[in-house]
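> below is the sequence, then the predicted model.
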Amino acid sequence: MKKNLLFVFVALLCLTPMAYAQKKGTAKKDNTVVIYLVRHGKTMLNTLDRVQGWADTPLTPAGIEVAEYLGKGLKLEDINFKAAYSSDLGRARQTARIVLDTKGQKDMTIIEVPQVRETNFGSYEGDTNYRMWTDAALYMHYKSRKELMDAIGKNPEILQQAMSAFKALDTLGMGEDYYDVKTRGQKAIREIAEKEAANGGGNILLVSHGMAIGNFLSDIDSTGKKAPAGHMGNAAVSKLIYKDGKFTLESFGDMSYVEKGKTASEK
């Protein structure tokens with residue numbers, strides 16, 4: 001009898017690690033990816049109120065400062081990134097580096113993604129925003145730039161029409177419209193999300209550009225939530241959640257991280 005009990009006891013000891021390993025191996029991982037999609041800091045062309053799409057200029061002192069504020073704000077919130085991506089344009093890459101360095105992730109490599117560049121405005125690149133928007137307004141049969149802007153405020157889809165006007169008026173044949181930008185950007189964002197989900201998920205930094213971010217996020221939310229059209233501040237954060245193959249837009253154009261970093265810097 002004692003020998004039988006001893007055999008059963010030993011058998012249970014042998015089975016327990018196997019059962020634990022099996023349970024551990026089949027345990028579901030979350031794999032949720034949280035993308036912090038950031039607009040770059042203020043640049044020279046931003047300051048001069050000139051069109052800046054594929055054309056590029058470096059950050060101004062104010063642009064560097066706002067990127068530093070963002071880094072400090074993210075650090076205060078204890079947000080650490082598993083990976084970092086940016087557009088291949090210098091202003092986005094520079095912003096990403098400042099954010100990471102300021103928050104203490106100096107050794108993190110930034111992966112450049114050309115597909116999340118700003119809109120290509122063709123022959124309007126470097127020209128005044130006033131001229132481009134006025135030309136578009138008249139082309140769309142509005143009386144003025146202001147009237148067009150007011151219309152966009154009431155109906156964000158008119159911005160998509162304005163982008164089609166920019167492309168139609170471009171004399172170089174290089175301009176992009178809403179669908180061009182949205183298609184390339186959403187494809188890249190999904191590829192990033194899928195890659196990072198396969199790596200276990202986590203927080204991801206992605207630095208891009210104002211109008212492009214609006215296009216990327218305009219209809220990416222699986223619940224049908226629409227991203228608003230309008231001005232986005234430099235270093236603003238839009239938070240995008242990817243889980244089980246679907247995106248959820250949690251916030252858009254959020255300046256709270258910058259404000260927290262600025263407040264901490266002024267103490």
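That came through fine. Residues are numbered from 1 along each chain as shown.

> and the strand or helix carrying E191, what does it pack onto?
Under DSSP states H and E, the secondary-structure element containing E191 is helix 178-198. Contact analysis of helix 178-198 by 3 or more CB pairs under 8 Å, 6 or more residues apart in numbering; DSSP states H and E lists strand 33-39, helix 157-169, strand 202-208, helix 210-217, strand 237-243 as its packing neighbours. Every C-beta, even on glycine, is put in place using the N, C-alpha and C of the backbone.

> now the last one: mean pLDDT?
Looking at strand 237-243 alone, the average pLDDT works out to 98.

> and the angle from the very next helix or strand once past that strand to helix 210-217?
Past strand 237-243, further along toward the C-terminus, the next helix or strand under DSSP H and E is strand 246-254. Interaxial angle of strand 246-254 relative to helix 210-217 (axes from the mean of the first three to the mean of the last three CA atoms, to 10 degrees): 150 degrees.

> returning to what we had before: the helix holding E191 vs strand 237-243, what angle?
Using the same axes, to 10 degrees, helix 178-198 lies at 60 degrees relative to strand 237-243.

> show me which positions of helix 178-198 end up buried.
178, 180-182, 184-186, 188-189, 192-193, 196-197 (16 or more other CB atoms under 10 Å).

> re the thing from before, I'd like the helices and strands packed on helix 178-198 laid out as a markdown table, including mean neighbour count and distance to K226.
Output for the helices and strands packed on helix 178-198, formatted as a markdown table (neighbours: other CB atoms under 10 Å; distance: least, CB to CB, whole Å):
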| stretch | mean neighbour count | distance to K226 |
| --- | --- | --- |
| strand 33-39 | 24 | 16 |
| helix 157-169 | 19 | 9 |
| strand 202-208 | 24 | 19 |
| helix 210-217 | 25 | 9 |
| strand 237-243 | 21 | 13 |
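
> and the ones you listed: which comes nearest K106?
Using CB to CB as the criterion, the shortest distance between K106 and these is 13.5 Å, found for strand 202-208.

> sorry, back to before: now the helix holding E191: mean pLDDT?
Mean predicted lDDT for helix 178-198 stands at 98.

> what about that helix, distance to the chain center?
10 Å (CA atoms, centre = their mean, to the nearest Å).

> in space, what's closest to the spatially most central residue of the chain - neighbours in sequence excluded?
With distances taken as CA atoms, centre = their mean, the chain has L37 as the residue nearest its mean C-alpha position (2.1 Å). Across the structure, with CB to CB, 6 or more residues apart in numbering as the measure, the residue nearest L37 apart from its sequence neighbours is S238 (4.5 Å).

> repeat for E68
Using CB to CB, 6+ apart and skipping residues adjacent in sequence, the residue nearest E68 is T102, 4.9 Å away.

> that neighbour contacts V66, doesn't it?
No - the pair T102 and V66 fails to qualify as a contact (CB atoms under 8 Å) at a distance of 11.0 Å.

> looking at these two, which one has more neighbours?
In this view T102 and V66 are compared by other CB atoms under 10 Å, and V66 has more residues nearby, 26 against 20.

> pLDDT weak spots in this protein?
Applying pLDDT under 70 to the chain picks out residues 1-29.

> 50 - rerun?
Along the chain, the parts satisfying pLDDT under 50 run over 1-28.

> which residues in the stretch 51-200 of the chain form strands?
Counting by DSSP state E, counting those that start in this stretch, the stretch 51-200 of the chain has these strands, from start to end: 83-86, 110-112.

> distance to T57 added to those, as TSV?
Supplementary listing: those in TSV, determined by distance: least, CB to CB, whole Å:
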stretch	distance to T57
strand 83-86	16
strand 110-112	18
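
> quick one: which of those is nearest D150?
strand 83-86 (33.6 Å).

> given that closest one, what are its sheet partners and their directions?
Its sheet considered, strand 83-86 pairs with strand 110-112 (parallel), strand 202-208 (parallel) by DSSP bridges.
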